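# Next input, structure requested:
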Amino acid sequence: MTNADEGLLARAAAIAADETELLLARTQGSRSLFETASEFMPWGVASSFQANDPYPIYLARGAGSRVWDVDDNEYVDFHGGFGANIVGHAHPAIVAAIERAATTGTHFAATTPTTVALAEELCRRFGLDRVRFTNSGTESTMDAIRVARAATGREHVVKVEGSYHGHHDTVMFSVVPNSDQMGGRDQPASAPMSRGIPEDVARHTLVVPFNDVAAFEQLAATRGDEIACLILEPVMMNIGIVVPAPGYLAGLRRVCDAHGIVLVFDEVKSGATIAAGGATERFGVQPDLACFAKAVFGGTPGGAFGGRADVMEVIEHGCAQQGTFNGNPLVTSAALAALTEVLTPEAYLRLADLGARLAAGLREAIVAHGLPAHVTDLGAKGCVSWRHEPLGSYRDFLETVPELYEASFPWVLNRGVFMTPGDEEQWTLSVQHSDADIDDYVEAFGSFCESLAGS
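Residues are numbered from 1 along each chain as shown. Reported below is the predicted structural model:
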């Protein structure tokens with residue numbers, strides 16, 4: 001490490017300490033609620049992803065592009081509910097749709113006209129033949145894998161090193177915390193992310209690097225007749241953002257076709273955010289199955305998966321796919337309003353303008369202060385990764401400097417910018433963000449860069 005690097009890390013540590021102290025002083029209501037919540041929930045949160053040290057910020061309400069915590073501190077929201085709130089908070093069209101559902105029945109465990117209309121819209125938007133509903137991204141990837149196994153009569157699943165596809169056992173291997181158990185570059189290991197996963201599950205989950213067609217082609221050449229599917233995020237979004245190299249997705253499509261392997265796109269994060277038709281539209285490669293949740297459902301807890309009719313038809317021939325709340329009228333009403341009334345072609349032009357404005361402002365600050373970082377801009381999604389060069393795989397992510405993000409996080413919170421609590425996540429813009437909101441983020445980040453550089 002150079003003296004310059006040591007100085008940067010020292011300044012980052014000092015900033016993190018000072019800003020965390022200030023943040024804790026401003027969020028005593030969150031501290032108090034954390035103490036109560038910890039008596040009833042592990043880590044005091046509803047999901048482990050919401051935990052933070054020494055406690056998380058508890059939010060009380062949101063409107064438009066802004067949220068307020070339980071201490072009534074106001075923030076511009078770039079967290080977006082981990083990418084679900086591209087429509088923003090309390091959008092009038094979404095509120096009206098939910099109110100209609102609330103007054104006419106939120107749940108029947110029977111298919112409604114709204115469910116059918118949403119299925120038709122999803123098929124149109126994402127190029128699917130058939131679709132089924134779930135209640136989350138985890139359920140979507142779980143069901144898609146089961147359908148792929150049923151359609152092929154094979155048991156093995158291939159996933160990408162460092163990717164997250166939800167918390168069901170099959171895909172909880174080779175995810176971010178396993179960097180000390182990842183194996184060699186040519187043969188990544190299937191190391192479990194969590195305790196409680198049977199050892200036998202690992203033999204059914206194989207791992208390949210992202211942006212490496214040759215590695216997958218070699219695996220398929222030797223074990224293709226055992227592999228039911230390859231599941232991947234077409235844009236990796238569990239380590240910041242990693243864009244597919246030119247020809248990568250098309251190469252995977254070719255190999256899957258050659259070996260009868262079902263190609264599954266996990267578009268839980270990219271669907272309806274990086275383009276109206278998600279990664280399929282943006283990169284021009286059609287998977288056999290695709291999985292959705294988050295932004296597609298207008299801020300409500302819904303999910304879906306779908307694809308080729310000849311693959312999906314196994315559901316009618318013995319492959320179980322069910323759920324009491326699947327396609328319920330509350331969620332489908334919000335989703336249909338989001339996709340047909342809010343996320344219009346004009347909305348995507350606006351999101352692209354906002355994303356370009358934000359990326360340009362952050363990039364200017366990074367360059368002006370000579371910091372080891374880069375910016376990725378994909379419409380409503382984007383991120384700063386603390387490494388000079390863009391990421392091409394999970395192993396590149398291991399070369400980032402998390403201490404710099406850890407210093408930036410309390411800094412921007414203290415200046416009214418609500419962001420995700422980890423450097424592996426991204427910002428999400430909404431249709432309700434304004435130019436002024438973008439400029440607030442740029443100003444907060446710019447002042448952080450100036451302080452970090454010691455300018």
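# residue contacts, Q426?
83, 237, 240-241, 269, 381-383, 420 (CB atoms under 8 Å, 6 or more residues apart in numbering). Every C-beta, even on glycine, is put in place using the N, C-alpha and C of the backbone.
# Next step: those residues restricted to helices.
Counting by DSSP state H, the contacts of Q426 place G83 in helices.
# Most neighbours among the contacts of Q426, which one?
K269 (29 neighbours; other CB atoms under 10 Å).
# confidence score at the closest residue to it other than its chain neighbours?
Leaving aside its chain neighbours, K269 sits nearest to M237 (4.3 Å; criterion: CB to CB, 6 or more residues apart in numbering). With respect to pLDDT, M237 has a value of 95.
# M237 and T324, how far apart?
29 Å (CB to CB, to the nearest Å).
# Go through the contacts of Q426 and name the one nearest E6.
Using CB to CB, G240 is the member of these that lies nearest E6, at 24.3 Å.
# list the contacts for A13?
Counting by CB under 8 Å, 6+ apart, A13 has contacts 403, 407.
# so how far is the strand or helix carrying it from its chain's centroid?
Using DSSP states H and E, the element containing A13 is helix 3-26. Centroid separation for helix 3-26 versus its chain: 28 Å, with CA atoms, centre = their mean, to the nearest Å.
# again with stretch 387-403
Worked out by CA atoms, centre = their mean, stretch 387-403 lies 18 Å from the chain centre.
# Please state the mean pLDDT value computed over it.
94.
# swap in stretch 427-447?
Rounded mean pLDDT across stretch 427-447 is 98.
# Likewise for stretch 200-218?
93.
# what does stretch 6-23 give?
96.
# Check stretch 366-377 too.
On average, stretch 366-377 scores 97.
# contacts for that stretch?
Under CB under 8 Å, 6+ apart, the answer for stretch 366-377 is 8, 240-241, 243, 355-356, 358-359, 362-363, 382-390, 401, 404, 449-450, 452-453, 455.
# so where's this protein shaky on pLDDT?
1-4, 177-190 (pLDDT under 70).
# Quick one: the strands in it, in order.
59-63, 66-69, 74-77, 130-134, 156-160, 205-208, 227-232, 262-266, 289-292, 303-307, 374-378, 381-385, 417-418, 427-428 (DSSP state E).
# Dump the ones you listed to JSON lines, plus distance to A368.
Below are those laid out as JSON lines (distance: least, CB to CB, whole Å):
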{"stretch": "strand 59-63", "distance to A368": "33"}
{"stretch": "strand 66-69", "distance to A368": "28"}
{"stretch": "strand 74-77", "distance to A368": "22"}
{"stretch": "strand 130-134", "distance to A368": "46"}
{"stretch": "strand 156-160", "distance to A368": "35"}
{"stretch": "strand 205-208", "distance to A368": "39"}
{"stretch": "strand 227-232", "distance to A368": "36"}
{"stretch": "strand 262-266", "distance to A368": "37"}
{"stretch": "strand 289-292", "distance to A368": "39"}
{"stretch": "strand 303-307", "distance to A368": "42"}
{"stretch": "strand 374-378", "distance to A368": "13"}
{"stretch": "strand 381-385", "distance to A368": "14"}
{"stretch": "strand 417-418", "distance to A368": "19"}
{"stretch": "strand 427-428", "distance to A368": "20"}
